[in-house]
Every structure is written in structure tokens, then in C-alpha cells.
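> pasting the structure only:
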């Protein structure tokens, strides 16, 4: 098969053939927006005009929100027709009534679109431990149904925002067997980001045709290389959900395992999820830096991941990033505290291309000053070589600023 070019296109989730979306204000958040829609939209709807196959991954947190538990049950059916997602309230730790509220949200939308309830998914994000204002939400679902549009993707992206400062959406197109195929999606995430399956809300669709089992395998591989490499604050949410649906409306042949067509589809999906992941990281609460932490030369891939995560999650390292201080001693300490086996006297550390540690010893003030200049950038790389083997891993992280504390100290007030 001749390799097709993967092209960026506008439209996000509604760039996909047969997908409509809407974002409305229903009253979960404090006030309807006057000037900025991002301040108040709190309910999103996404509908596929043709029933689709679906796959998903959800949080590993044992404290799971009611909509997550509902999604997990429904994913076993492998069918998708629609989604309703709210922001401003997580519907987590709300007991049996919270579970009933999620079901009522599902059932209201299912009746409106005249599809089986098992094909309608629910997601929530926001404050934990508070009941949803269900009458307002149900009224909002009806209003949103009336607003569904093939141009409503950005409103849906705005409606799932919490502490995000901007909506996150992406779409690409490419050719399969001479026909155009689109993958598009939206995401939200800013805080409570830690690598463990999903780490935020993300809804992605495609007009390609693919079975649910194969879609599940592709999604898990791709999430592992994108969202599972992120950490903003090391905190795993109760509501993390990624859903991927495929409605087949491009009318291309159904994708099969081991084919060039599937490889191209997976590459395009990787591009979408990577882009959304970077948007989430760059919008991390109070973040001013995006840092790629790479650990090389470890005994095992697990060791590389553990070490990279230890450095990326270290509050001392992250505050040094914010202060643009090449404090490599904090990095050495974080690796040592990670619990992996390594010889500190073999370690090399470089910031971008500037070596600052060799054989476990610092290279002096001049090297640190050069590295500090690179740290003034909004994005830079931190490379750690353990010289213990050939395994490696990458984690994306951010700095830790005063703004993060202010945002989270006042999250409920």
C-alpha cells in the first residue's frame, strides 16, 4: 500500500463524518458566561449518527467515580452511539445515589436520540464528593440535544474544561484504500495528572471501520506511549477516562490486524493522542515549563520508567525547573530514592545537549550556567544515562510554581 500523508485538519471531534456535538451551560458551574464561554459551559454532548464500535481505558484509582464504573460496564458491550459529559462536578464518592444520577443522565440522552441505553456513555469531572444538581443536568441534556451540530466540537471541548485555560482539540485526515478517513478528538486536563491509563478526560472518534477488540488493542498501545508518559503533579484522578469510537462512515473496508492500513491508522491515532497530551501538559496548573525526562541505559524498561517518574514527580526537581536552577543534585537524589538498582558513579546527566554530570560527579559552575540558559525556554529535555543496560523510557513533566498552590488551595472556594 502506498503510504498516505497524515494531514492536520480543523474541526476536532466533529471533523469526523456523521458526528455532531454541543456544549451548553446547565447550572453546575457558578454562573453562565457573559464574555468568555470557557468560564461557564458545563455540559457536552457527542452523538454518532451511525452506531459505532468503542474501546476505552479508565483510571486505576480504586476510588472510581460513578460514571467511570458505568463506562466500564458498558465498554463490555463494545457499542457506542453517544456521550454526555459534565464539568464542575465529578459525581465521585456520592454513593448509590450518584450511580443512579449517572444512569439517569445516560437514559435521558438515550431516549432523546432513540438509541439503546447501553450505547450511551457518561463522564464527569470537577469537585469530588458533591451530588450533581440532577434536574439542571437533565434539562441541560435536552437543551444540548437541540443544539447538536457538525460544528459544535469546540463548544463540547470548552464544556468539559475545569481549571484548563484553553480547549484542547485535534483532528487529522489520511487515505485508506483511496478514501479519506478522519480521526478527531477533544480532551481536558490540567491538574491531577499522573501516568496510569487515562489521566484526564479524552474523547476520540473516527469514521474508519474497526472491530471493538482490535480497537481496544490499538488504543491501549497508543495510550501507553502518550497519556501514560505524562505527570503534572503525580496525583491520579477518580474520573480519568479515554473513549475511542469508530462509526465506519468513511465506508472503507474494516481494518484488520497486521496490515499496512492498520499501521497507518495507529500512526494517525498516535499523532492525535500525542498532540492532546502535549496540550494537557503545556496547560498544567501554573506550569511555565514542559520538560521531557528521558532515562537511558537502565537494566530494564521498568527501571527506566520508575527512575524517570521519580525525577518527574519530585517537588524539589520541579521547583528547580521553575527557578531555572540546574540543581542536578536533586535529580541524583530522586533517582537514588526510586528504588532501582544502579551505580551512582556511572550516571551522566545532560540538560538539552549540555552535559552537567559525568561519572556521577558535577562538571562545574560553567556547565551549570550553560544549562540554566537552556532552562529559560518553555520546553527543554533532561537526559539521564545510567550505563547499566540498554532499556530506556520517557516521561513528560512540568515545573511547579506558586500558581499551582494558589489554584489548588482555592479549588472549592
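All right, it came through fine. Remember, predicted model here, so these are calculated numbers, not experimental data.
> Heading C-terminal from the longest strand seen in the chain, find the next helix or strand.
Looking only at the chain and at elements set by DSSP state E, the strand with the highest residue count is strand 43-58. With elements assigned by DSSP states H and E, the helix or strand that comes after strand 43-58 is helix 66-75.
> which other helices and strands contact that next one?
In terms of contacts (3 or more CB pairs under 8 Å, 6 or more residues apart in numbering; DSSP states H and E), helix 66-75 is packed against strand 43-58, helix 95-113, strand 120-127, strand 241-246. For every residue, glycine as well, the C-beta is placed using N, CA and C.
> what's the closest of those to residue 147?
strand 43-58 (7.9 Å; CB to CB).
> Which neighbours in the sheet does that closest one have, and how are they oriented?
Its sheet considered, strand 43-58 pairs with strand 19-24 (antiparallel), strand 79-89 (antiparallel), strand 241-246 (antiparallel) by DSSP bridges.
> possible to save the ones you listed as a markdown table with mean neighbour count and distance to residue 68?
Conversion of those to a markdown table gives the following (neighbours: other CB atoms under 10 Å; distance: least, CB to CB, whole Å):
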| stretch | mean neighbour count | distance to residue 68 |
| --- | --- | --- |
| strand 19-24 | 27 | 21 |
| strand 79-89 | 26 | 12 |
| strand 241-246 | 28 | 6 |
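> Helix, strand, or coil at residue 145?
Using DSSP: H, G, I helix; E, B strand; the rest coil, the secondary structure recorded for residue 145 is helix.
> Count residues in the vicinity of residue 30, would you?
Counted by other CB atoms under 10 Å, the residues lying close to residue 30 total 9.
> Does residue 334 lie in a helix or a strand, and which?
Using DSSP H and E, the element containing residue 334 is helix 328-337.
> which strands and helices sit next to that helix?
Contact here means 3+ CB pairs under 8 Å, 6+ apart; on that basis helix 328-337 packs against helix 301-313, helix 315-323, strand 348-351, strand 354-358, strand 379-385.
> if I pick residue 179, what's in contact with it?
Residues in contact with residue 179 (CB atoms under 8 Å, 6 or more residues apart in numbering) are 250, 251, 252.
> Then the second one would be within a strand, right?
No - under three-state DSSP, residue 251 sits outside any strand and is assigned coil.
> What residues does it make contact with?
Contact criterion CB under 8 Å, 6+ apart gives 179, 209 as the residues in contact with residue 251.
> Look up how far residue 181 lies from it.
Between residue 251 and residue 181 the distance, using CB to CB, to the nearest Å, works out to 10 Å.
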